[in-house]
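*Asks:* Here is my input; please provide its structure:
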Amino acid sequence: MRSRTITPGVYLLTAVCGLIDAASFLALGGVFAEIMTGNIMFLAFQIGQGGGWDVVPRFLVPLAAFSIGAVGCGFLLMNPRFGERRRHAFVVVAVLVAIATLLALVWMPAPEGSEAMIIVAILAFAMGMQNAAVLYHAVPDVATNVMTLTLVRLLSNWSVVGGNNQRWQFRITSLSVFFVAALIGAALVRISAGAALVVALAVYLVALPFLILGRSPADRATA
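*Replies:* Next up is the predicted model:
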């Protein structure tokens with residue numbers, strides 16, 4: 001029986017997201033492998049500003065890969081036949097991040113090259129799976145990516161406006177972890193994209209025991 005909580009693992013995934021998006025945006029073509037909001041906005045900006053259509057694939061590739069990963073993982077998570085094997089989605093994501101990291105170290109890709117796009121596609125597919133898995137095992141107020149809603153929950157429930165903000169520690173931790181991880185990722189990218197991805201992979205490996213063995217709200221709901 002699981003006795004530990006999945007929460008530390010989800011916090012570590014928040015760090016992974018910050019590291020991976022720093023690597024993809026700053027060193028792999030100016031796109032995000034995990035924050036699809038940014039890719040949608042950048043694509044709209046390019047089209048709206050009359051930019052060349054040759055840049056469209058740069059944003060569509062991660063969007064498509066992320067979507068396929070999310071759909072595939074969603075099928076796994078919603079199918080009762082898989083049972084405890086639902087946790088294997090996190091293992092698959094770790095393997096994909098490892099593959100992308102290895103390719104980045106071997107290829108040392110140019111930001112605008114096809115090799116960078118391949119690495120981003122692999123990472124985006126992995127992040128689509130990860131986001132679906134995190135959504136299924138959601139821990140209240142522990143976010144892994146876009147922090148807008150977390151910030152709103154923190155501020156709109158602040159005591160000065162009459163709120164109680166009972167879970168403020170979780171919200172602040174998510175915001176802080178994401179910021180620090182992105183900062184570290186940006187610093188590591190000055191060495192190479194592979195350096196940031198190596199650290200992201202290391203953090204993922206630390207997170208796996210919590211993600212696989214820890215209890216989540218979804219486990220308690222089906223217990």
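
*Asks:* ok, Leu26 - how many residues close by?
*Replies:* Residues lying near Leu26 (other CB atoms under 10 Å) number 18. In this view, the C-beta of every residue, glycine as well, is placed from N, C-alpha and C.

*Asks:* what's the closest non-adjacent residue to it?
*Replies:* In this structure, Leu26 finds its nearest non-sequential neighbour in Val189, 4.6 Å apart by CB to CB, 6 or more residues apart in numbering.

*Asks:* Contacts only, for that neighbour.
*Replies:* Ala22, Ala23, Leu26, Ala27, Ala195, Ala196 (CB atoms under 8 Å, 6 or more residues apart in numbering).

*Asks:* Phe179 versus that one, what's the distance?
*Replies:* The spacing between Val189 and Phe179, counted by CB to CB, to the nearest Å, is 16 Å.

*Asks:* follow-up on the earlier one: out of the contacts of Val189, which comes closest to Leu96?
*Replies:* Distance to Leu96 across the contacts of Val189 (CB to CB) is lowest for Ala23, with 14.2 Å.

*Asks:* That closest one and Gly185 touch, don't they?
*Replies:* Yes - shown here, Ala23 and Gly185 form a contact pair, counting by CB atoms under 8 Å, at 5.9 Å.

*Asks:* Pull up the overlap in contacts between the two.
*Replies:* Common neighbours of Ala23 and Gly185, using CB under 8 Å, 6+ apart, are Ala196, Ala200.

*Asks:* Ala187 - how many residues pack around it?
*Replies:* The tally of other residues near Ala187 (other CB under 10 Å) stands at 12.

*Asks:* That one: which element?
*Replies:* Per DSSP states H and E, Ala187 falls inside helix 168-189.
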